[in-house]
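*Asks:* Would you be able to build a 3D model of this:
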Amino acid sequence: MTRLSRRALALAGAAALATPALATRALAQANWPERPIRWVVPFPPAGTADILARLLGEHVSRSLGQPIAPENRAGAGGTLAANILFQGRGDTHLVMVSNFAPHGVSPTLFPGVAYDAQRDFTHLGLLGALPMVLAAHPSFPAADAAALLAAGRQQGASLTMGYGGNGTASHLIGLSLHRAAGMSPTFVPYRGSGALLNDVMAGTVPVMIDTLSAAIGHIRAGRIKALAVSGPARSPALPDTPTFNEIGVGEATGMNWFGFCTPTGLPEPIAARWVSELRTALALPAVTERLASLGVEGTNMDPAYMTEFVGTEVARWREVIRANNVTVG
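*Replies:* Below is the predicted model:
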């Protein structure tokens, strides 16, 4: 009879103990999802992040065979929502719309943020991004963006420009625009796009920078005029409007983006399933048409790209926040 060494016996015993655990884990992944999925949204209902979660969740839930319930957890620059995932490590039924705010800006802007925006999440892809639009009241004398920038340099603080609130994409991209253009207007914060747009349309504030999706209807109706967009290429929604790069301020190029992430520790087969399901949903005509109507562009469901992108965004906006002494409040 063949005798086994103590080491061989120990290894055999360990394998016997490990096999049931591995089998159980594989079975759990094969049966996933086993219950409804929580899709956390870091902003209130009816915004772009909420629309994305509900639109995509509706299609993906049919394929997965489980309900997907969007859960709006707005507040503190999206960190309330991000903390749910940070504290939910290993939960395979918990996902989130990642975003410029909680995963690009808030780790620098809000003191005491516990999570690392890049490492403490499984980033699976970019659902899309929205450019900012530099726009003005129709009566504003600048006929184009170049004339506006020239007026801004000449008028200094006497030129008033509105944005969507401290730490928002419109604020930080607007600050980058000011620096790149060598201008220093009086920058006025608003609590949201609605009040800002109302004041620009009334002529109370002559110039604004805000998310294209919020302004596009008013631009098409002629209530405000678009002068430039902040994306790396012209927006399909405004093909005749130049980019920041085209008007000589390419350093200010930036987007308000929306991604998809889960808590860290997601098993690879489930991550791959999510990527496949979201790619399929994002390719549906009804989905592409809806996103186009909002001005959302640039989908990229590549986990490696998205993980690197988040790290780049944190580094970029940290520099802008600190250079301009941006604070919340």
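
*Asks:* phi, psi of G203?
*Replies:* Dihedral pair for G203: phi 80, psi 0, per degrees, to the nearest 10.

*Asks:* Check P269 too.
*Replies:* Per degrees, to the nearest 10, the backbone of P269 is at phi -60, psi -40.

*Asks:* Same question for the one 4 residues further on.
*Replies:* Backbone torsions for R273, taken as degrees, to the nearest 10, come to phi -60, psi -40.

*Asks:* just the strands in the stretch 201-329 of the chain please.
*Replies:* Using DSSP state E, counting those that start in this stretch, the strands of the stretch 201-329 of the chain run over residues 207-211, 225-229, 255-263.

*Asks:* can you pull the alpha-carbon coordinates of the last one into CSV?
*Replies:* Going back to what we said before, that points to strand 255-263. Provided in CSV are the C-alpha atoms of strand 255-263 (Å, rounded to 0.1, in the frame of the first residue of the first chain):
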residue,chain,number,x,y,z
MET,A,255,-18.0,66.3,-19.2
ASN,A,256,-20.5,65.4,-16.5
TRP,A,257,-20.3,61.6,-16.7
PHE,A,258,-22.4,58.7,-15.5
GLY,A,259,-20.9,55.2,-15.0
PHE,A,260,-21.9,51.9,-13.5
CYS,A,261,-20.3,50.3,-10.5
THR,A,262,-20.8,47.7,-7.8
PRO,A,263,-19.3,47.2,-4.4
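
*Asks:* Buried ones in it, by neighbour count?
*Replies:* Buried positions in strand 255-263, judged by neighbour count with 16 or more other CB atoms under 10 Å: 255-263. C-betas here are computed from N, CA, C, even on glycine.

*Asks:* same deal with stretch 63-83?
*Replies:* 64, 66, 68, 70, 72-74, 76-79, 81-83.

*Asks:* Regarding it, how distant is the last residue from the first?
*Replies:* 28 Å (CA to CA, to the nearest Å).

*Asks:* what residues does it touch?
*Replies:* 33-45, 50, 53-54, 57-58, 60-61, 84, 96, 98-99, 101-103, 105-106, 109-110, 113-115, 117, 121, 167, 277, 280, 328 (CB atoms under 8 Å, 6 or more residues apart in numbering).

*Asks:* List only buried entries from those residues.
*Replies:* Of these, these count as buried by 16+ other CB under 10 Å: 33, 37-43, 50, 53-54, 57, 60-61, 84, 96, 98-99, 101-103, 105-106, 109-110, 113, 115, 117, 121, 167, 277.

*Asks:* any weak-confidence spans in the stretch 1-150 of the chain?
*Replies:* By pLDDT under 70, the weakly predicted segments of the stretch 1-150 of the chain are 1-29.

*Asks:* Show me the strands in it, by range?
*Replies:* 37-41, 68-72, 94-99, 121-136.

*Asks:* In JSON lines: these, plus distance to L159.
*Replies:* Listed next are these as JSON lines, based on distance: least, CB to CB, whole Å:
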{"stretch": "strand 37-41", "distance to L159": "36"}
{"stretch": "strand 68-72", "distance to L159": "36"}
{"stretch": "strand 94-99", "distance to L159": "30"}
{"stretch": "strand 121-136", "distance to L159": "10"}
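
*Asks:* just so I know, which of these lies nearest R179?
*Replies:* strand 121-136 (14.5 Å; CB to CB).

*Asks:* Measure how the closest one sits relative to strand 255-263, angle-wise.
*Replies:* Angle of strand 121-136 versus strand 255-263, following axes from the mean of the first three to the mean of the last three CA atoms, to 10 degrees, is 160 degrees.
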